[in-house]
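Asks: Okay, predicted coordinates and the sequence, questions at the end:
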Protein chains: 2
Amino acid sequence: MRALTVAPGTANSAQVDDVPEPPRSDGAVLVRALALGVCGTDREIVSGAYGWAPPGERRLVIGHESFGEVQEAPAGCGVKAGDRVVGFVRRPDPVPCPACAAGEWDMCRNGRYTERGIKERNGYGAEFFRVEPEFLVKVDRALGDAGVLVEPTSVVAKAWDHTERIGKRSRSWRPQTLLVTGAGPIGLLAALLGAQRGLDVHVLDHHDSLEKRRLVQALGGTFYLGAITGIESLEPDIVMECTGAPSVVRGVLGRTASSGIVCLVGVSSPGHALDVDVGGFNRAMVLDNGTVFGSVNANRQHYEDAVAALRRADCAWLSSLITRRVPVAQWTQALEAEPDDTKVVVDFS
Amino acid sequence: MRALTVAPGTANSAQVDDVPEPPRSDGAVLVRALALGVCGTDREIVSGAYGWAPPGERRLVIGHESFGEVQEAPAGCGVKAGDRVVGFVRRPDPVPCPACAAGEWDMCRNGRYTERGIKERNGYGAEFFRVEPEFLVKVDRALGDAGVLVEPTSVVAKAWDHTERIGKRSRSWRPQTLLVTGAGPIGLLAALLGAQRGLDVHVLDHHDSLEKRRLVQALGGTFYLGAITGIESLEPDIVMECTGAPSVVRGVLGRTASSGIVCLVGVSSPGHALDVDVGGFNRAMVLDNGTVFGSVNANRQHYEDAVAALRRADCAWLSSLITRRVPVAQWTQALEAEPDDTKVVVDFS
């Protein structure tokens, strides 16, 4: 069968390979891929800067934003042939840390997790994949193609879950205003989940796009073009930082209303030194009871939250997020950013 | 009666004034001062950089770390003549924000609170003061002079309360290692409350002092002299940053174990730009689920927690924190830092 593979640590090694059927050891549920989402982590792996092949192997089947249809499943495992499913990304170490043992592999304490398509485990970028019944979520057929958005939405659902848990540092915190930085797929999904919570949604991006303005406005939100310095009168209770761009991260630090929470979801590369008024940042954080936190990955609860959030969303709005579909044979084209891209998927159907 | 006053906004205006007896409008409970703690906020006010006199007045009675003995109190108000008490610092606006309305004036959302001895309300630095029965905490006589530590301990108790609430972002977080930066009164009290929680306590200071080493070791902790770069092998689950020094704040950002929490308690001045690897900070925060938060002030629960924590501590250890007692007539000497100072108090007894 065809699979999308890379040699981690080697730049531009992405290709389509003919590989054997997925081994039974990957899980009892056999799935035929429908689509695979591509994100910044995939680009980082293809650039050679991130990613690890399975032990003893040189190449990694890439892909962690899965979506497919069950072909075979053991009786009573929760899914059956014909069901649509999304596989989880992370797996705990066989000797789990306390977080992994509690099912919170997204909060792994010792870093000994593995990740499908990223870290020491082949991914979902193949015509068929296998997955353990306890590491997948069933996706309603009504969601259509938007099933491929479940994994990125799970990351956003965790960010919201933790924002709300952290908000409980005060019994009386009632956030009203959300600022999302970055109108990529994660930013737009963060805005969607913010709108579903009844927040006043503001989305900032440095790239103008009529389509993104339209998507934000359809949520009842406001789109801003430019830098954060251009919207200084806005005092958000919550900031979801989805760019990972160091200058944007610097701009949002200490940039909320009193008792505000900044959630960092965008991954950046290290080695970007910037001038920061650390005294001013610290003073604002202390005197205003500010919080800044980072959030990565997602556990079962967040995948389930993601499916529920997508079910509540407008189907046409979700479909608009998928701006390009690339056939398997040309999948490396999915890695090249085009100006109007939001979510690019590899089409296995 | 004698009172310690300043003209906010004017540098070095501190003096001892003869002022009228405290007005009944300050509260129904009349208290004779025993001691008043002096802290960095008082020094900032005396420097002219902070503080606000009561509306229509030019001078402010300074002092917010109170400790005194009740002279008169209404029947049934919870305290009686002879009881020792500490008055709270902050008061909600008459039209309270949702946090203030819920008794969480320490999380005030609109900044319209007042503060005794700091913001628009005369403080506790006078031979007698009055306080509302609902804005004081009773202090066991067994605590002795350490009653003057209740207010700074309340700030630390809030920092711990919020650290633990924020820790609930993960069901499985079990912190083991604490790093405290700064071995001043707040740092040592943060270390005390950490030791009471069974944590492995580490305290860093840039000033060597046999006495502070002894105080940390008496808690079962380890004292380090120098910069945070000297203890890179330490991976704390919790950092309590108690210096407010921008270079130390920069050093602790993203400097914890996975899922770690940095609590900022030290106040710094703005306008200290430093080179910060914002990309590296953001990446570590996201991939390690890190949290940084600021904490200020305290509400009733935290004053009660503070009294309970001080009751569990060793009396001699607490007494050692009070390194200088200055008579009222020479109170401005309390503002001048001396090398072996920990907590300096003005003695009203």
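Replies: Right, received. Where do you want to start?

Asks: Contacts for the helix or strand encompassing residue A:99 next, please.
Replies: Element membership of residue A:99, judged by DSSP states H and E, is helix A:98-101. Helix A:98-101 is contacted by residues A:92, A:93, A:105, A:107, A:108, A:109, A:113, B:170, B:172, B:173, B:174, B:259 when judged by C-beta atoms under 8 Å, 6 or more residues apart in numbering or on different chains. C-beta here means a position set from N, CA and C on the backbone, and glycine is covered the same way.

Asks: Select only the buried ones of these in PyMOL?
Replies: The buried residues among the contacts of helix A:98-101 can be selected in PyMOL (16 or more other C-beta atoms under 10 Å in any protein chain shown) with this line:
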select buried, (chain A and resi 92+105+107+108+109+113) or (chain B and resi 170+173+259)
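
Asks: For the contacts of helix A:98-101, give me JSON lines that also has distance to residue B:163 and pLDDT.
Replies: Shown next, in JSON lines, are these (distance: C-beta to C-beta, whole Å; pLDDT from 0 to 100):
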{"residue": "A:92", "distance to residue B:163": "26", "pLDDT": "97"}
{"residue": "A:93", "distance to residue B:163": "27", "pLDDT": "96"}
{"residue": "A:105", "distance to residue B:163": "24", "pLDDT": "98"}
{"residue": "A:107", "distance to residue B:163": "16", "pLDDT": "98"}
{"residue": "A:108", "distance to residue B:163": "21", "pLDDT": "97"}
{"residue": "A:109", "distance to residue B:163": "17", "pLDDT": "95"}
{"residue": "A:113", "distance to residue B:163": "25", "pLDDT": "98"}
{"residue": "B:170", "distance to residue B:163": "13", "pLDDT": "96"}
{"residue": "B:172", "distance to residue B:163": "16", "pLDDT": "94"}
{"residue": "B:173", "distance to residue B:163": "10", "pLDDT": "95"}
{"residue": "B:174", "distance to residue B:163": "13", "pLDDT": "95"}
{"residue": "B:259", "distance to residue B:163": "12", "pLDDT": "97"}
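
Asks: from the contacts of helix A:98-101, which single one is nearest residue A:164?
Replies: Comparing these against residue A:164 with C-beta to C-beta places residue B:170 closest, at 13.6 Å.

Asks: which ones are touching that closest one?
Replies: Residue B:170 touches A:99, A:104, A:107, B:259, B:289, counting by C-beta under 8 Å, 6+ apart.

Asks: how does it look with 7 Å?
Replies: Neighbour list for residue B:170: A:99, A:104, A:107, B:259 [criterion: C-beta atoms under 7 Å, 6 or more residues apart in numbering or on different chains].

Asks: In space, what's closest to the last one - neighbours in sequence excluded?
Replies: Excluding the flanking residues, the one nearest residue B:259 by C-beta to C-beta, 6 or more residues apart in numbering or on different chains is residue B:289, at 4.9 Å.

Asks: wait, isn't that neighbour in contact with residue A:295?
Replies: Yes. Using C-beta atoms under 7 Å, residue B:289 is in contact with residue A:295, at 6.3 Å.

Asks: So for the two, which sits in the more crowded spot?
Replies: residue A:295 (28 against 25; other C-beta atoms under 10 Å in any protein chain shown).

Asks: in what helix or strand does the residue nearest to that one when sequence neighbours are not counted lie?
Replies: Nearest residue to residue A:295 in three dimensions, chain neighbours excluded: residue A:159, at 4.5 Å (C-beta to C-beta, 6+ apart). Assigned by DSSP H and E, residue A:159 belongs to helix A:150-167.

Asks: Next, count neighbours for the residue nearest to residue A:295.
Replies: With other C-beta under 10 Å as criterion, residue A:159 counts 28.

Asks: Repeat that for residue A:111.
Replies: 11.

Asks: roughly how far apart are it and residue B:146?
Replies: Using C-beta to C-beta, to the nearest Å, residue A:111 is found at 43 Å from residue B:146.

Asks: before we move on, the earlier item: what's near enough to touch the residue nearest to residue A:295?
Replies: A:190, A:240, A:263, A:265, A:295.

Asks: Closest one to residue B:67 out of these, please.
Replies: Nearest member of these to residue B:67, counting by C-beta to C-beta, is residue A:263, at 41.0 Å.

Asks: what are the bridge partners for the closest one, then?
Replies: residue A:240, residue A:293 (DSSP bridges).

Asks: ok, residue A:190 touching residue A:240?
Replies: Yes. Between residue A:190 and residue A:240 a contact is recorded at 4.2 Å, counting by C-beta under 7 Å.

Asks: any shared contact partners between those two?
Replies: Shared contacts of residue A:190 and residue A:240, counting by C-beta under 7 Å, 6+ apart, come down to A:159, A:180.
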